[in-house]
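[1] Quick one, what's the 3D model for this:
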Amino acid sequence: MKIGNPEKIGRLVAWLVRVIGSTLRIQVIDHARVTDPTFKQPMIWTFWHNRIFVIPLLRIRHARHRSGAVLTSASRDGAIVAGAMKSFDLNPVRGSSSRRGASALLKLTGILERGEDVAVAPDGPRGPRYKVGAGVIFLARKTGAPILPIRVEYAHAIKLKSWDQFMIPLPFTIARIICEPLIFIPPESEAEPAERQLEQALGAAQDHVASLEPPHNYPNL
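    So this is what the prediction gives:
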């Protein structure tokens, strides 16, 4: 049963992100010069699928000088994410390994070649959670663009009962965004070691860091 226009729902999601985001105490640790307006290197932003909530906030608050696109799936859920990304002036590129994959890869390649960024959740759109797929490594090897691993840690959040255990930070909590050093993938390199390197940089299976605030349990919704 359809529950409404995906793009309109996406705009509602974007509004929710802005409202909650306005209360967050966001800490940005930038090891990759993402927030430096003089650094023009196009890059592939990567983050776990369940941490996408604060990624648009990083861009509009700290990296508005950078432009680009976000890869979203060709599904209805992907259409909702695409609608939300448009509200943050980000261009959605629709596609995944199972649908429109080749077309999406061509579009992402063109965006990087003209000097803009692309953003990819390498364990999306269906998982497995915290496992990097081959697509992002292929894109990096093909274009020569470095991969930017972005780790996101919340002091307090709720986890949804979805395949990725999507995390929504609670209002007024701490959200730490760590832009790890850029990863350059040589064209001749093998995919699997690069995938493991990116997983390690993203903090595989780390749901929070106790140093943000005292340890806690996330409620499940």
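
[2] What residues of the longest helix seen in the chain count as buried?
    Counting by DSSP state H, the longest helix found in the chain is helix 6-21. Neighbour counts over helix 6-21 (16 or more other C-beta atoms under 10 Å) mark 6, 7, 9, 10, 11, 13, 14, 17, 20, 21 as buried. Backbone N, C-alpha and C define where each C-beta goes, glycine included.

[3] What of stretch 187-207?
    Result for stretch 187-207 [16+ other C-beta under 10 Å]: buried residues 191, 194, 195, 197, 198, 199, 201, 202, 203, 207.

[4] between the buried residues of helix 6-21, which is nearest residue 173?
    Nearest to residue 173 among these is residue 20, at 9.3 Å by C-beta to C-beta.

[5] From the centroid of this structure, which residue is nearest?
    residue 47 (4.0 Å; C-alpha atoms, centre = their mean).

[6] isn't it right next to residue 201, touching?
    No. The criterion here is C-beta atoms under 8 Å, and residue 47 misses it with residue 201 at 10.7 Å.

[7] list residues touching both of these two?
    149, 151 (C-beta atoms under 8 Å, 6 or more residues apart in numbering).

[8] Give me the nearest residue to the residue nearest to the centre of the chain, chain neighbours excluded.
    Excluding its sequence neighbours, the residue lying closest to residue 47 (C-beta to C-beta, 6 or more residues apart in numbering) is residue 150, at 4.3 Å.

[9] Next: residue 133.
    residue 122 (5.5 Å).

[10] Show the model's pLDDT score for the one you found.
    For residue 122, the pLDDT comes out at 95.

[11] just checking, it touches residue 51?
    No. Taking C-beta under 8 Å as the definition, residue 122 is not a contact partner of residue 51, at 11.6 Å.

[12] what about the closest residue to residue 33 other than its chain neighbours, how many neighbours?
    Leaving aside its chain neighbours, residue 33 sits nearest to residue 39 (4.1 Å; criterion: C-beta to C-beta, 6+ apart). Here the count is done by other C-beta atoms under 10 Å, and residue 39 has 12 residues near it.

[13] for residue 67, same thing?
    Residue 67, neighbours per other C-beta under 10 Å, totals 16.

[14] Now residue 90: phi and psi?
    phi -110, psi 140 (degrees, to the nearest 10).

[15] surely it meets residue 119?
    Yes. At 7.5 Å, residue 90 and residue 119 qualify as touching, with contact defined as C-beta under 8 Å.

[16] Which elements pack onto the lengthiest strand in the chain?
    What stands out as the longest strand in the chain, according to DSSP state E, is strand 147-154. Packing partners of strand 147-154 (3 or more C-beta pairs under 8 Å, 6 or more residues apart in numbering; DSSP states H and E): strand 44-46, helix 55-62, strand 174-179, helix 191-202.

[17] Could you rerun that using 10 Å?
    With contacts defined as 3 or more C-beta pairs under 10 Å, 6 or more residues apart in numbering; DSSP states H and E, strand 147-154 has these neighbours: strand 25-30, strand 44-46, helix 55-62, strand 117-120, helix 134-143, strand 167-169, strand 174-179, helix 191-202.

[18] after it comes which helix or strand?
    Moving toward the C-terminus from strand 147-154, the next helix or strand (DSSP states H and E) is strand 157-159.

[19] what comes up buried for that next one?
    The neighbour-count check on strand 157-159 (16+ other C-beta under 10 Å) flags 157, 159 as buried.
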